[in-house]
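# kindly generate the corresponding structure for this input.
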Amino acid sequence: MYVKVCGLDTVAAAEVAVAAGADAVGVVMSRTSPRRRTFAEAAPIVAAVRDRVDTVLVVNDTPAAEAAEIAGRLGVAVLQLHGPYTRADFAAARAIFPRLWRATSLAEDPDLTVGTWDEELILLDAPRPGSGQRWDLSALRARRPVGNWLLAGGLNPGNVAEAVAAADPWGVDVSSGVESAPGVKDHDRVRAFLDAARGARTLER
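Prediction:
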């Protein structure tokens, strides 16, 4: 089970996530997000852990080519384009930066075949990203991603094992579910989530 902890706010939180077994950590630079970090704030978080896990820059309101340039300067491994980006946006980003993830929701009626936009995985989120709201996983019975994908949206230490059993994803992504306040990571919740997600392996189909 691949686990990403997103929206990190400090180097300390990143270190906790990595020590607890995270495979990836994300920093958000979307202008309207309560988890938004400036370049100066994100850079030390990325630098502290980039040799040990996948580091991910998450954007949803930055032009794709500009985001790709920022990702290169920041030194992350992956650029995650979240939401209203087009196939042309992905092509523009891919010309600059090698590794892209596509984050979307079923509400957007997306193409669910991984790689069709030259991305290496898909993240399926709730219709309102970062809201902490869970979505109806039964919708996956009719439409499932083809390829590696991450389940996100309303996950927390108490429900991640159940969600994995229901959705059978390749991996999971958490942000608000391990916070004490919007944008503030709770280190104990991060550890608890990693423990629960790792334990969910036994529930996979």
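# now what about the lowest-mean-pLDDT helix or strand in the chain, what contacts it?
Ranked by mean pLDDT, DSSP states H and E, the helix or strand of the chain with the weakest confidence is helix 160-167, at a mean of 92. Surrounding helix 160-167, the residues in contact under the criterion C-beta atoms under 8 Å, 6 or more residues apart in numbering are 1, 134, 137-138, 140, 151, 155, 172, 174, 177, 193, 196-197, 199-200, 203-204. C-beta coordinates here come from the backbone N, C-alpha and C atoms, glycine included.
# now that helix: how far from the chain's centre is it?
The chain centroid and the centroid of helix 160-167 are separated by 17 Å under C-alpha atoms, centre = their mean, to the nearest Å.
# next, the buried residues of it.
Under the neighbour-count criterion of 16 or more other C-beta atoms under 10 Å, helix 160-167 has Val160, Ala161, Ala163, Val164, Ala167 buried.
# host element of Ile122?
For Ile122, the host element (DSSP states H and E) is strand 121-124.
# hmm, I was thinking of Ala42
With the criterion set as DSSP H and E, the secondary-structure element containing Ala42 is helix 39-49.
# give the buried residues for that helix.
Neighbour-count burial for helix 39-49 flags Ala42, Ala43, Ile45, Val46, Ala48, Val49 (criterion: 16+ other C-beta under 10 Å).
# out of the residues you listed, who's nearest Val184?
Ile45 (14.1 Å; C-beta to C-beta).
# where does the residue nearest to that closest one when sequence neighbours are not counted land in three-state SS?
Leaving aside its sequence neighbours, Ile45 sits nearest to Ala14 (C-beta to C-beta, 6 or more residues apart in numbering; 5.0 Å). For Ala14, the secondary structure call by DSSP: H, G, I helix; E, B strand; the rest coil comes out as helix.
# and stretch 180-197, how far out from the chain's middle?
From the chain centre to the centre of stretch 180-197 is a distance of 14 Å (C-alpha atoms, centre = their mean).
# what do you get for stretch 145-160?
Its chain's average C-alpha position is 9 Å from that of stretch 145-160, according to C-alpha atoms, centre = their mean.
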